[in-house]
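In: With the input below, show me the fold.
(chains A and B)
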Amino acid sequence: MSGKYEKQWKDAMSGASVEPSENLWGNIAANMDAERGRNNWLTILLIAATVTVAFAFPLTVGNSSFEARPDEYNELVQSSIDDNTTVDNASIEDQNTIDKSITDETEFVANQSDKENLLAQNNTEISDTDQDIRIITSNDKKLTERTAELNTNSIAVTGSNDISVLAADPYGLGLDDSGVLYALEPDALENHYLLPFYLSQPHEMERELLASLNMGRGSASSAGGSSGIGNLFASDRYEALADFGSNKISTDDRYENKGITSYLGAGIEVPFGEKLALLAGVGYLAQKATGMSNIVVDDGGEYKPVSAYDPIEPGAVFLSDSYEYSVLNSFLNIPITVKYPFINKKVKLRGGIGLSTDIMVGHKVSSSEYSSASYQPKAMEYKPVVFSGLANLDVRYDLSESYGVAFEMGYRKGLTSIDESQQYYPSSFTAGLVLFYKIR
Amino acid sequence: MPANLYESNLIQRCCDGDRTAYRELYDYTAGELLAIAIRYMRSKQEAEDVLQEAYIKIFKNLASFNRQASVKTWMIRIVINTSLNTLRKDQHVSSWDLSIVEDKEFNELPLDQFEYSELLGFIHQLPVGCKSVFNLYAIEGYNHKEIAGMLEISEGTSKSQYHRAKMLLQEMIISSEEKLKTKVI
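Out: Numbers count the residues shown, from 1 in each chain, chains lettered A, B, ... in the order given. Next up is the predicted model:
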C-alpha cells in the first residue's frame, strides 16, 4: 500500500499541466476524419460484398435447390399408367372388385368407408366439372371442349404399390369443402427448401447488429424419406394424380426443375451470463424454380398457370402442349437462438440452438404465356405458420474493431407440421455468411 | 457549474455529435494528460504521439463511457495504457533488470526543494521498466498486482523494479541536494 514516501511524490507531481504543441489538435482532428472516411468505405464495401455474395452464392453452391419431381418417379408413373387396369364406373360400384384390387397392392390402403367416400366423391366431382374440362390442341392453342364421361373415367389401382397408394389415400384424391380436388401423393407432398435464419456472432460479449445471407437444401417433408439426416436427401416431391382417365380426358403432365433458394436476414445479439448470447432477428426467404405444366385454370375468362405443386381446381384446362412456368415461394422467418463459444480466440467457433417461426407470405406462379397467379397457403393445405428447431455452428473472423464476418452451417427441423394432416415436418441443411456490426 | 456536471454535459454534447464539444474536451484535459504521458515517455514529442492516439480512442469510445465514473480518471487510464503499449511495442520494456535489490530504509525526501521539472528529470533518468512501475505505483496509486497485470510481469518483478526505482531516485536526489548545498556555501 502507498505510504508517506509515495504521498510525497504524488503531491509533488499531481496537478501538473504541460501545454501541448499547436498542431496536436489538428493532427487528432485529421485522424478522426480519416477514421470516419475509412469506416464509411468499409461499410460500403461490406454492403457491396453482401450483394455480391447474394448473387454469387447460389451459383457456387449448386445444392441450394429444390426439385419437385424426380425422373425416376416420372418413369414409375408412366409405367403404371401403361399397365393399369381401368376401373370403370360399374367397377367402382362393385365394392368387392375395388377391395381386391386395392388391398392386394399395399399396406397403405384406406379402410372401406374411406374408399367408398373417396370414390363417391371422385365421381361426384368429375360429374360436377364435366363442362369445365377441355383440351387445347397443340397447333393453334384453340380450346376444344370435350366432355368427360363418367362411365369412362378410370383410376389406376394396379401396376405398382405406389399407384395403389395414390388411389387409396383420401388425401391423394380427396375434395375439400370448397370443392378442390386434391391430386397429391402424400409421401411426396412437398419438398421445398426452407433456408434458415440469420447467423449469430459473439464478440467480447457486446451487443451487435447482424445481417446474414444463408443458402441451403432440405426437405420440407419428413415423410419423403427417412428420418433425421437421411431426410435431407429424401426424394423430392412429385405430382402424379391428376389422371382423370388417361385415355378419355387428359393426363397431368407437370414437373418442376431444381431451383434456387436464398435467405436474407437481420437481427441483434445480446449477451447474457458469462458466455452465452441470445440472438433474435427476422428474415426473408425466397425459393424460386421453373417447371413445365400442361394445366391452366380458367379464372373468369383469363387463363392462369398451375404449377406442379398446385391443386387442380374446377375450371382446370388440360393442354395438349406443356408450357414453362416459374414459381416463387416466400416466407417470413423469425428466429431466436442461444449461442455458446467453444473457441474464443482470433478466430471464434460457436455452437447454437434455437427456435424459428416461419410464416408463408406468398406462393406465386408465373408464365410468359399466361397471366400470373397467386395461391393462398390454405388452398394448398399448408399451414401458414410453422415452428422449427435450429442447431448451428459458426466460425467468425473480426475484420476490425466494429465489423466482422462469419460462416455458419446449420440444421433445422420442423417441430410442428407444415400440413393440416400433421404428417410432414420440414428439415433443411444450410450454409451462409453473416456480417455483424458492434453497437457502441 | 460543478466540474462533474460540466464534464457530464460535455460528454453528452460529444455523444450528440457536436464537434465543438470534442475540441472543448480536448482543451479541458490535454495539458494534464500530456503531463502524465511525458512521465512515461522519453520526450514531449513521444508523449504527444501517445496523446494523439489516446484521444482518438477516447473519442471513438466516448459513447460507451460509464457516466457514473469520472471522465478524467477514465481518460488518464487510456493515456497510461496507450503509453505502456507504445513502450511495449518499441520494446523498451522487453527486458527487465531482475538484479537483487538491497532492502534499505528510505529517508523522508526533501522534494519540496525541487521544481516540478527537476523531479520529472529524475524520473526520466530511471530505466524504462523502473520508471513505469514507479509512475504507476507511487503517483497513479496502482498496487503491484494491478501493475503486474498492466505490464504483463510478475508481482515480484513489479516490487523489485519499484524498490530499485526508489533507490536510484534517492541517490539522484541526495546527489542533487549536495550540489545545491555546495552552491549555496
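In: need the longest strand for chain A.
Out: strand A:316-344 (DSSP state E).
In: What number of residues are in the vicinity of residue A:15?
Out: By other Cβ atoms under 10 Å in any protein chain shown, 10 other residues sit near residue A:15. To be clear about C-beta, it is placed using only N, CA and C from the backbone, and glycine gets the same treatment.
In: Can you classify it as helix, strand or coil?
Out: coil (DSSP: H, G, I helix; E, B strand; the rest coil).
In: Show me what the longest strand of chain A packs onto, helices and strands only.
Out: In terms of contacts (3 or more Cβ pairs under 8 Å, 6 or more residues apart in numbering or on different chains; DSSP states H and E), strand A:316-344 is packed against strand A:134-136, strand A:260-272, strand A:276-299, strand A:302-305, strand A:347-366, strand A:385-398.
In: Which residue ranges of chain B form helices?
Out: B:3-15, B:19-40, B:44-60, B:71-89, B:116-125, B:128-134, B:144-151, B:155-184 (DSSP state H).
In: Switch those over to JSON lines; also include distance to chain A.
Out: Shown next, in JSON lines, are the helices of chain B (distance: least, Cβ to the nearest Cβ, whole Å):
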{"stretch": "helix B:3-15", "distance to chain A": "10"}
{"stretch": "helix B:19-40", "distance to chain A": "3"}
{"stretch": "helix B:44-60", "distance to chain A": "5"}
{"stretch": "helix B:71-89", "distance to chain A": "11"}
{"stretch": "helix B:116-125", "distance to chain A": "6"}
{"stretch": "helix B:128-134", "distance to chain A": "8"}
{"stretch": "helix B:144-151", "distance to chain A": "10"}
{"stretch": "helix B:155-184", "distance to chain A": "7"}
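In: Does chain B have contacts with stretch A:15-34?
Out: Yes: judged by Cβ under 8 Å from any Cβ of the partner chain, stretch A:15-34 comes into contact with chain B at A:15-21, A:24-25, A:27-29, A:31-32.
In: okay, the helices of chain B, which one's buried deepest?
Out: helix B:128-134 (a mean of 25; mean count of other Cβ atoms under 10 Å in any protein chain shown).
In: still on that earlier bit, can you lay out the helices and strands packed on strand A:316-344 as JSON lines showing mean neighbour count?
Out: Converted to JSON lines, the helices and strands packed on strand A:316-344 look like this (neighbours: other Cβ atoms under 10 Å in any protein chain shown):
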{"stretch": "strand A:134-136", "mean neighbour count": "18"}
{"stretch": "strand A:260-272", "mean neighbour count": "19"}
{"stretch": "strand A:276-299", "mean neighbour count": "20"}
{"stretch": "strand A:302-305", "mean neighbour count": "20"}
{"stretch": "strand A:347-366", "mean neighbour count": "18"}
{"stretch": "strand A:385-398", "mean neighbour count": "18"}
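In: contacting residues around the closest residue to chain B within chain A?
Out: Nearest to chain B, among the residues of chain A, is residue A:17, at 3.4 Å (Cβ to the nearest Cβ). Residue A:17 sits next to B:31, B:32, B:34, B:35 when contact means Cβ atoms under 8 Å, 6 or more residues apart in numbering or on different chains.
In: one step back: let me have the helices of chain B in CSV, extended by distance to residue A:356 and mean pLDDT.
Out: Listed next are the helices of chain B as CSV, based on distance: least, Cβ to Cβ, whole Å; pLDDT from 0 to 100:
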stretch, distance to residue A:356, mean pLDDT
helix B:3-15, 36, 82
helix B:19-40, 44, 91
helix B:44-60, 36, 91
helix B:71-89, 41, 89
helix B:116-125, 61, 90
helix B:128-134, 53, 91
helix B:144-151, 43, 90
helix B:155-184, 50, 83
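In: Mind putting these into CSV with distance to residue A:431?
Out: Output for the helices of chain B, formatted as CSV (distance: least, Cβ to Cβ, whole Å):
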stretch, distance to residue A:431
helix B:3-15, 39
helix B:19-40, 44
helix B:44-60, 34
helix B:71-89, 39
helix B:116-125, 58
helix B:128-134, 49
helix B:144-151, 41
helix B:155-184, 48
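In: ok, back up a step: excluding chain neighbours, what is closest to the residue of chain A closest to chain B?
Out: residue B:31 (3.4 Å; Cβ to Cβ, 6 or more residues apart in numbering or on different chains).
In: Next one: that neighbour from residue B:179, what distance?
Out: For residue B:31, the distance to residue B:179 equals 31 Å [Cβ to Cβ, to the nearest Å].
In: Residue B:9 now?
Out: Distance from residue B:9 to residue B:179, by Cβ to Cβ: 50 Å.
In: shouldn't residue B:123 be in contact with residue B:132?
Out: No: Residue B:123 lies out of contact with residue B:132 (Cβ atoms under 8 Å); the separation is 10.3 Å.
In: Tell me what residue A:390 is bridged to.
Out: residue A:354, residue A:412 (DSSP bridges).
In: For it, which residues are in contact?
Out: A:196, A:197, A:335, A:337, A:352, A:353, A:354, A:355, A:356, A:410, A:411, A:412.
In: One more pass at 6 Å, please.
Out: By Cβ atoms under 6 Å, 6 or more residues apart in numbering or on different chains, the contact list for residue A:390 reads A:337, A:354, A:356, A:412.
In: Report how many residues lie close to residue A:374.
Out: 11.
In: Skipping adjacent residues, who's closest to it in space?
Out: Per Cβ to Cβ, 6+ apart, closest to residue A:374 is residue A:364, 4.8 Å.
In: Which residues does that neighbour form beta bridges with?
Out: Beta-bridge partners, per DSSP bridges, of residue A:364: residue A:328, residue A:374.
In: doesn't residue A:328 make contact with it?
Out: Yes: with contact defined as Cβ atoms under 6 Å, residue A:364 counts as touching residue A:328 (4.9 Å).
In: before we move on, back to that, looking at the helices and strands packed on strand A:316-344, which is nearest to residue B:16?
Out: strand A:260-272 (23.2 Å; Cβ to Cβ).
In: tell me the SS of residue A:19?
Out: Quick answer, by three-state DSSP: residue A:19 is coil.
In: Spell out which parts of the stretch 1-150 of chain A neighbour chain B.
Out: For the stretch 1-150 of chain A, the residues in contact with chain B (Cβ under 6 Å from any Cβ of the partner chain) are A:5-6, A:8-10, A:12-13, A:16-18, A:20-21, A:24-25, A:27-28, A:31.
In: Give the buried subset of these as a PyMOL selection command.
Out: Command for PyMOL that selects the buried part of the residues of the stretch 1-150 of chain A next to chain B, burial taken from 16 or more other Cβ atoms under 10 Å in any protein chain shown:
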select buried, chain A and resi 5+6+8+9+12+13+16+18+20+24+25+27+28
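In: hang on, the earlier thing: rank the helices and strands packed on strand A:316-344 by pLDDT, which is bottom?
Out: Sorting the helices and strands packed on strand A:316-344 by mean pLDDT places strand A:134-136 lowest, at a mean of 39.
In: List the contacts of the residue nearest the centre of chain B.
Out: Of all residues in chain B, the one closest to the mean position by Cα atoms, centre = their mean is residue B:36, 4.4 Å from it. Applying Cβ under 6 Å, 6+ apart to residue B:36 gives the contacts residue B:79.
In: again, 8 Å this time
Out: B:76, B:79, B:80, B:83.
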